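Engineer: need coordinates for the following:
(chains A and B)
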Amino acid sequence: MARETVPVQIQSVPAPRIASRRWPPSADRIASVLLIAPSVLAIAVFVYGFIAFTGFASLTKWNTLRPDFTFIGLANYARLFSTVRFQIDLHNTVTFTILFLVLCLSLGFGLAVLLDRGVRGEGIFRSIFLFPLALSFIVTGVVWRWLLNPGSVELGSTGVNQLFDRAGLGFLKSGWYTDPGIGIKAVVVAATWQLSGYVMAMYLAGLRGIPEELREAALVDGASEVQIYRHIIVPLLHPITLGAIIILGHISLKIFDLVVAMTGPGPGFSSDVPAFFMFDTTFRGNYFAQGAGIAVILLIMVAVLIIPYLVFNLRTETQR
Amino acid sequence: MRAAVPRTRGEVPWLRLASYAVLVAAALFYLLPIYVLVITGMKSFAEVNLYRMWDLPSRFSLDSFVKAWLGSATQGFRGLSNNFWNSVRLAVPATLLSAALGSMNGYVLSKWRFRGSDSLFALLLFGMFIPYQSILIPLVQVLSRIGLYGSIPGLIFVHVVYGIPITTLIFRNYYATVPGELVEAGKIDGAGILGIYRSIMFPISMPAFAVVMIWQFTSIWNDFLFGVIVTPRPAVQPITVALNNLAGSYIVEWNVQMAGALLAALPTMLLYIVLGRYFMRGLLAGSLKA
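Structural biologist: Sure, this is the predicted structure:
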């Protein structure tokens, strides 16, 4: 499972106990600061300090194994944006993100609604849908690489194509990730398989949180089932949709493991992504400054998505 | 949270049938890869044929698992057994350590708040969303400098550090639901910050520990990026990295790759099957307002 599939809602802490400015501070007060000091220090160095270093490295000439910290401004970025591979990567990221979000949200919502309407064996269905989340992207990638292996014309089709053949749906066959026109979209299939159950679980919890009286009142008012969903339930689920978009969105910006295990960069970089390019150029090619540049661009994209959401969440918490 | 309320009044029977059809179709989609994983792993070498990958094995055989586990000297590839144990030696201590740290942090940040502690918490939290690419370059440099690069203790260290935000978040959310009066009562009894933790908070923390430990174990077991960056030597690599090497090798048969994938997935799969309840709770911890 991706470490990234994390909840972001923050529980409010009732009755804020902000310590008074007593001096000297009590022993407990000092102890409380000492207790979290190691963690705070670790994050200060390993997150913020390291990000600062990476930012600095991206402005230098360090594109060899031996560090060279000659300052060259934004030259690495200028070169990156004119590199064909990076342009394809950004394009792939956009394609991946849009498809992945649309598929996960619609599949997740659809399944949650069906389960919420009370079916026999709900627990079993739920467990099956959520199950792929327990696996690593590497396992998912290995399995889907074989499932979406198109086979060959001479020897016959394999994997999913073969299933299509047997079901008489041969027209659905495709070259999947071996087709440069599909590339990253084949990875979306595997990613959706892995993470749509998570969205289902989020929506299901949301649906269960909507009081039954609301629906009943609407029914009494003569609203149809479809109208209830459109005008009452979907709006009430907006916070969950937003949360899912933020979490899935930042996963798709960072997607790496799945691409490594499933396709690699693919023909003509058709399934390449920035995170893979960064890994390739930095740790295989020793272009440290260029790799640092890609990392900074990735970080900015994630920050644009996450920071407003975090700030909003923490604000509402303190207001409550 | 309310339980499922069947809303079937006035519903057309075929609609109900259709929803079952959709659910079953979806279940097939989610189970398909698992099916291939399991049946391929159980086929004997004589029966493995990419063009018959959907067919059930005629005879049950564990040959592929044995080969994936032990490797093959004649074909010249290493098995996953060593890497499996590397992952155990990595994930267990890292999970325990980060749960302990997260519990402490969550306790202080919910029950001993000080001026600026909320902003501090927000800054910690951001650490769980960053793309790790943005810290990898200095990470490798620093780990080499302090002698932790290329070793399992180095990986443990990395997972504990980058696990601080999520473990702190889950524990803080959990402790926030504990009434402040309990802490006040402890103070009146003359207990200090650690005494209150030991005698009041820790004993009621087990549900949060369960969630955090399942969460961290799964994340660490399934991690690939830190493993591939921090441990370049095959002998110390965790199983995900070794599996990726195995699967990327042209000399390793397809059924052995599948058996290897199943071996790598086994611990977290079992965890999910046995403790799925807590798994769900970890995922949703806070994604809905409790």
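Engineer: let me see the ranges of the helices in the stretch 151-300 of chain A.
Structural biologist: Counting by DSSP state H, counting those that start in this stretch, one finds helices in the stretch 151-300 of chain A at the ranges A:159-166, A:184-208, A:212-220, A:225-228, A:234-236, A:238-254, A:257-262, A:274-279, A:288-319.
Engineer: list the contacts of the residue nearest in space to the middle of chain B.
Structural biologist: Geometric centre of chain B, nearest residue: B:Thr218, 1.2 Å, by C-alpha atoms, centre = their mean. Contacts for B:Thr218 (C-beta atoms under 8 Å, 6 or more residues apart in numbering or on different chains) come out as A:Met1, A:Ala134, B:Thr268, B:Leu271, B:Phe279. For the C-beta atoms, the positions are set from N, CA and C on the backbone; glycine is no exception.
Engineer: next helix or strand past the helix or strand encompassing it?
Structural biologist: Following DSSP states H and E, the helix or strand that holds B:Thr218 is helix B:206-222. Downstream of helix B:206-222, the first helix or strand assigned by DSSP H and E is helix B:225-230.
Engineer: check whether whichever helix or strand comes after that following helix comes near chain A.
Structural biologist: If you walk from helix B:225-230 toward the C-terminus, the next helix or strand you reach (DSSP H and E) is helix B:239-247. Yes. Contact of helix B:239-247 with chain A is found when judged by C-beta under 8 Å from any C-beta of the partner chain, involving B:Thr240, B:Leu243, B:Asn244, B:Ala247.
Engineer: helix B:239-247: how far from the chain's middle?
Structural biologist: Taking the mean of its C-alpha atoms, helix B:239-247 sits 17 Å from the chain's own mean (C-alpha atoms, centre = their mean, to the nearest Å).
Engineer: list the helices and strands it packs on?
Structural biologist: helix A:137-147, helix A:257-262, helix B:81-111, helix B:206-222, helix B:225-230, helix B:254-284 (3 or more C-beta pairs under 8 Å, 6 or more residues apart in numbering or on different chains; DSSP states H and E).
Engineer: these into JSON lines, with extra columns for mean pLDDT and distance to A:Arg166?
Structural biologist: Listed next are the helices and strands packed on helix B:239-247 as JSON lines, based on pLDDT from 0 to 100; distance: least, C-beta to C-beta, whole Å:
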{"stretch": "helix A:137-147", "mean pLDDT": "94", "distance to A:Arg166": "14"}
{"stretch": "helix A:257-262", "mean pLDDT": "95", "distance to A:Arg166": "24"}
{"stretch": "helix B:81-111", "mean pLDDT": "96", "distance to A:Arg166": "36"}
{"stretch": "helix B:206-222", "mean pLDDT": "92", "distance to A:Arg166": "33"}
{"stretch": "helix B:225-230", "mean pLDDT": "96", "distance to A:Arg166": "38"}
{"stretch": "helix B:254-284", "mean pLDDT": "85", "distance to A:Arg166": "19"}
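Engineer: let me see the ranges of the helices in the stretch 51-200 of chain B.
Structural biologist: The residue ranges that make up the helices of the stretch 51-200 of chain B, judged by DSSP H, counting those that start in this stretch, are B:63-70, B:81-111, B:117-126, B:133-145, B:152-176, B:180-188, B:193-196.
Engineer: now the shortest one - C-alpha only, CSV.
Structural biologist: The C-alpha coordinates for helix B:193-196 follow below in CSV (Å, rounded to 0.1, in the frame of the first residue of the first chain):
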residue,chain,number,x,y,z
ILE,B,193,3.6,14.3,32.7
LEU,B,194,5.2,10.9,32.4
GLY,B,195,3.3,9.4,35.3
ILE,B,196,0.0,10.4,33.7
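Engineer: hmm, that helix touching chain A?
Structural biologist: Yes. Residues of helix B:193-196 contacting chain A under C-beta under 8 Å from any C-beta: B:Ile193, B:Leu194.
Engineer: what pLDDT, on average, does that helix get?
Structural biologist: Mean pLDDT, taken over the full extent of helix B:193-196, equals 92.
Engineer: same check on the fourth one?
Structural biologist: Averaged across helix B:133-145, the pLDDT comes to 96.
Engineer: what are the buried residues along it?
Structural biologist: Using 16 or more other C-beta atoms under 10 Å in any protein chain shown as the burial criterion, the residues of helix B:133-145 that qualify are B:Gln133, B:Ser134, B:Ile135, B:Leu136, B:Ile137, B:Pro138, B:Leu139, B:Val140, B:Val142, B:Leu143.
Engineer: ok, now the second one?
Structural biologist: Taking 16+ other C-beta under 10 Å as the basis for neighbour counts, the residues of helix B:81-111 that come out buried are B:82-84, B:86-87, B:89-91, B:93-99, B:101-111.
Engineer: just the third one next, same as before
Structural biologist: Buried residues in helix B:117-126, counting neighbours by 16+ other C-beta under 10 Å, are found at B:Ser117, B:Asp118, B:Leu120, B:Phe121, B:Ala122, B:Leu123, B:Leu124, B:Leu125, B:Phe126.
Engineer: how is chain B divided into domains?
Structural biologist: Segmentation of chain B into domains, based on automatic domain parsing, reads B:14-61, B:83-239+B:273-284.
Engineer: one step back: which one among the contacts of B:Thr218 gets closest to A:Phe71?
Structural biologist: Minimum distance to A:Phe71 across those is 40.9 Å, recorded for A:Met1 (C-beta to C-beta).
Engineer: now do the closest one, the pLDDT please.
Structural biologist: Reading off the confidence values, A:Met1 has pLDDT 43.
Engineer: same check on the one 3 residues further on?
Structural biologist: What the model reports as pLDDT for A:Glu4 is 48.
Engineer: and what of the one 3 residues further on?
Structural biologist: In this prediction, A:Pro7 carries a pLDDT score of 52.
Engineer: can you give me the neighbour number for the closest residue to chain A within the stretch 151-290 of chain B?
Structural biologist: Evaluated by C-beta to the nearest C-beta, the stretch 151-290 of chain B has B:Asn222 as its residue closest to chain A, separated by 3.3 Å. Using other C-beta atoms under 10 Å in any protein chain shown as the criterion, B:Asn222 is surrounded by 29 other residues.
Engineer: and A:Phe171, by the same measure?
Structural biologist: By the other C-beta under 10 Å criterion, the neighbourhood of A:Phe171 contains 7 residues.
Engineer: residues in contact with it?
Structural biologist: If you count contacts by C-beta under 8 Å, 6+ apart, A:Phe171 has them with A:Phe164.
Engineer: check B:His159 too.
Structural biologist: Contact analysis of B:His159 by C-beta under 8 Å, 6+ apart lists B:Leu90, B:Ala94, B:Ser98, B:Gln216, B:Ser219, B:Ile220, B:Asp223, B:Phe226.
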